[in-house]
Structures are given as C-alpha cells and as structure tokens.
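K.L.:
Quick one, fold the following:
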Amino acid sequence: MKLTAFILGVLVATIAIPSAQASICALDNHCTFDFDIHNVGPTTFGSGPYGTVDLLLVGNTIQFTIDLPPGFGLVNTGFPNGAGTRYAFAFNDNLAAANFSYGTYNDANYSGGTNTAGTYQFDGFGAFDRAAATTALPNTGGANVVSFIVTRTGGFTSVQNLIGPNSNDIYFAADVFYNGTTPPGATCRAGASCTV
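P.N.:
Modelled structure (predicted):
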C-alpha cells in the first residue's frame, strides 16, 4: 500500500512492501503515490488522501505531476530545514550518482532543482536525495497542480529509477499551504500554514 503524508508545511509519501518484492510499482513507465499522512494533529486535515504524486516515463525522461486538492498549494516556505536553498518538493532515488536537470514546469512560478544528491530535510520526515522547485511561491500563491520533467545523464529506463525510500520509508515530500474556503479538517482553517 502506497502512503503519502501531509505535515505543517510539508506532505510526504510512504510505502510498505515486502523486502522480497523487486519493484514498488506494477509498471515501469507509470506509477502514482497518494499523499495520505500528515503531522499536524489528528483532525487538522481530516482523512486523506490529500493529493497524488504521479510519475510517467516520457521517452528517457520522467514527468512528475503533483496534484493537490482545491485550496492546497505547493509552496516554498523554508525546507530543507537550516540554511541554504529552499525547495518545495523532495524525493528519493535509487541512483548512487547521476546528473539531474529540471525543466518544463507547467507554471512559470516554479523552476529549478538539485542536480547532485544531498540530504534535504523536510520537517522531521528524514533526509531526501533530491529536491525541486526552488522558486515556488510562498503561502497563498501556490498552485495545486504542478508538473515538471526530470532528465539525467544517460536517461531513464523506468520510473523505478526515481523511487527510493529514506530512513522513514518516505518517498516524496511537498511543502504545502492551505488557503481554501472550507477547512479540510477541524483545525486547518482557511489561510493557515499547514504542511503535508
């Protein structure tokens, strides 16, 4: 079962699979993860899922699509924790070393990403290998659907190349802001900064 989490300012995706299972996704060219865990209290977002992360192999590139419910936006409010460049989205990969590039964002307010592996911390969910969207908007400006293309030297042969867990078995993290008119839970009111 694939899981994803929302936290105050961050969403994450997790999955539990048997160690003997060779792949996480049934298909090499397409895989979808649900955001369905949050860290902002038992009633903040109500019950999930809170959106999806979709991976699609396009030629030898991978298209990411982050699709959040109405009222939620992908933002850039300070992750990873600590000094340095801020990102709106993070993921783990199965590649020891690779030169990544990020482009073809569907929204001009988003761009950039890390091209070398690092340790990008998203609000207590552990370190991630890569991160995207350095120019995401803060708070109310965030879009609820953001897509972009990831390329790397040598290309990709499967979406499985970009699916690797961190130490908490989390695969993706997204910094989000809720600005809807109807609260999704008892305590995440309109205009509140909430992460998943």
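
K.L.:
So residue 101 is in contact with residue 114, correct?
P.N.:
No - the criterion here is C-beta atoms under 8 Å, and residue 101 misses it with residue 114 at 10.0 Å. For every residue, glycine as well, the C-beta is placed using N, CA and C.

K.L.:
more crowded one of the two?
P.N.:
Taking neighbours as other C-beta atoms under 10 Å, residue 101 and residue 114 compare with residue 114 leading, 18 against 13.

K.L.:
So what touches stretch 74-91?
P.N.:
9-10, 64, 66, 68, 110, 113-114, 119-123, 127-139, 141-144, 146, 162, 171-177, 193 (C-beta atoms under 8 Å, 6 or more residues apart in numbering).

K.L.:
Flag every buried residue along it.
P.N.:
Residues 74, 75, 76, 77, 79, 80, 86, 87, 88, 89, 90, 91 are the ones in stretch 74-91 that count as buried (16 or more other C-beta atoms under 10 Å).

K.L.:
Return the distance of the third one relative to residue 111.
P.N.:
What it means is residue 76. 11 Å (C-beta to C-beta, to the nearest Å).

K.L.:
and if you look at the first one?
P.N.:
Look at residue 74 and residue 111: by C-beta to C-beta, they are 13 Å apart.

K.L.:
overlap in contacts of those two?
P.N.:
Joint contacts of residue 74 and residue 111 (C-beta under 8 Å, 6+ apart) are residue 133.

K.L.:
who touches both of residue 76 and residue 111?
P.N.:
What both residue 76 and residue 111 touch, as defined by C-beta under 8 Å, 6+ apart, is the set 133, 134, 135.

K.L.:
I figured the first one hits residue 109, correct?
P.N.:
The one in question is residue 133. No - using C-beta under 8 Å, residue 133 is not in contact with residue 109, being 9.0 Å away.

K.L.:
Any regions of this protein where pLDDT drops low?
P.N.:
1-10, 12-23, 38-48, 81-84, 124, 165-168, 180-196 (pLDDT under 70).

K.L.:
hang on, the earlier thing: and the buried residues of stretch 74-91, which of them are in strands?
P.N.:
Using DSSP state E, the members of the buried residues of stretch 74-91 that fall in strands are 74, 89, 90, 91.

K.L.:
right, and out of these, which lies closest to residue 56?
P.N.:
residue 91 (14.3 Å; C-beta to C-beta).

K.L.:
filter the shared contacts of residue 76 and residue 111 to the buried ones?
P.N.:
By 16+ other C-beta under 10 Å, those give 133, 134 as buried.

K.L.:
Same list, the shared contacts of residue 76 and residue 111, but as CSV with secondary structure and distance to residue 157 please.
P.N.:
Shown next, in CSV, are these (DSSP: H, G, I helix; E, B strand; the rest coil; distance: C-beta to C-beta, whole Å):
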residue, secondary structure, distance to residue 157
133, coil, 25
134, coil, 27
135, coil, 30
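
K.L.:
Which parts of the protein are helices?
P.N.:
For the chain, no helices are identified by DSSP state H.

K.L.:
Just give the nearest non-adjacent residue to residue 103, would you?
P.N.:
residue 149 (5.6 Å; C-beta to C-beta, 6 or more residues apart in numbering).
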